[in-house]
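A.B. asks: Following is a predicted model, sequence given first.
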Amino acid sequence: MITLTGVELLSGAVPACTAVTAAAAALFLLIRRRRRWWMAAGTAFLAAALLAAGTGWVLVHAAGVSAQELPLPVTVWMGLAYWAVLLAGLNLAGSSRRRRILAPVAMAALILVAALQVNIYYAAYRTLGDMTGASTAAIGALPQAARAVPRHHARAGVRPEDRPGGLDLGEAAGAPRGRDD
């Protein structure tokens, strides 16, 4: 059985293929024959840039999600995702049936690429299994010594050496022992 959990997201074929797909999707959304199309696409670009900058400010200053300003590449990829949404919306108006069907597909492709590029920047998820949580199934159970102490022992003030197993978790992790009074 073939599983996709081992597919590498940070390097290899996935980033390369998604970059080619993104270029094709961007060209599809950008190339139109209407006379004033470039004015609408330029306005959408400015709106997307403002949305990305505003979202970055809200994430850092209002929501407190990050203690630091978002890096410029992350803000640029976020702006590309917003631009894809705006361009897809503009492509829906007064277009052929084929373009109305393919515009949301191209938008989704660009959003996926932007999310993948942000993941590559932060190196958050190495594989598809890491992203979906399927990789955690391969992690074995903790050894008996590393399991958490039952709550009733912690509340009752039971000393580590009197606990079942007699192992202090801090000592097992290499932490210095405190004074025994």
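C.D. replies: Arrived safely. Residues are numbered from 1 along each chain as shown.

A.B. asks: What are the boundaries of the helices in the protein?
C.D. replies: All helices of the chain, identified by DSSP state H, fall at 13-30, 37-57, 72-92, 97-122, 128-132, 151-156, 169-172.

A.B. asks: Could you check stretch 81-97 and say which residues are buried?
C.D. replies: Judged by neighbour count using 16 or more other CB atoms under 10 Å, the buried positions of stretch 81-97 are A81, Y82, W83, A84, V85, L86, L87, A88, L90, N91. The way it works is simple: take the backbone N, C-alpha and C, and place the C-beta from them, glycine included.

A.B. asks: between the residues you listed, which is nearest A109?
C.D. replies: A109 lies nearest to A84 out of the buried residues of stretch 81-97, by CB to CB, at 8.2 Å.

A.B. asks: and that closest one, what does it touch?
C.D. replies: Shown here is A84, whose contacts under the criterion CB atoms under 8 Å, 6 or more residues apart in numbering are A25, A26, L29, A106, M107, L110, I111, A114.

A.B. asks: Quick check: the gap between it and A26.
C.D. replies: Plainly put, A84 is 8 Å away from A26 if you go by CB to CB, to the nearest Å.

A.B. asks: one step back: would you format the buried residues of stretch 81-97 as CSV with pLDDT and distance to L46 included?
C.D. replies: Rendered in CSV, the data for these read as follows (pLDDT from 0 to 100; distance: CB to CB, whole Å):
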residue, pLDDT, distance to L46
A81, 95, 15
Y82, 96, 11
W83, 95, 10
A84, 95, 15
V85, 95, 14
L86, 95, 10
L87, 93, 13
A88, 93, 17
L90, 91, 13
N91, 89, 18
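
A.B. asks: now these in TSV, with distance to A44?
C.D. replies: Listed next are the buried residues of stretch 81-97 as TSV, based on distance: CB to CB, whole Å:
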residue	distance to A44
A81	13
Y82	9
W83	6
A84	10
V85	9
L86	4
L87	6
A88	10
L90	6
N91	10
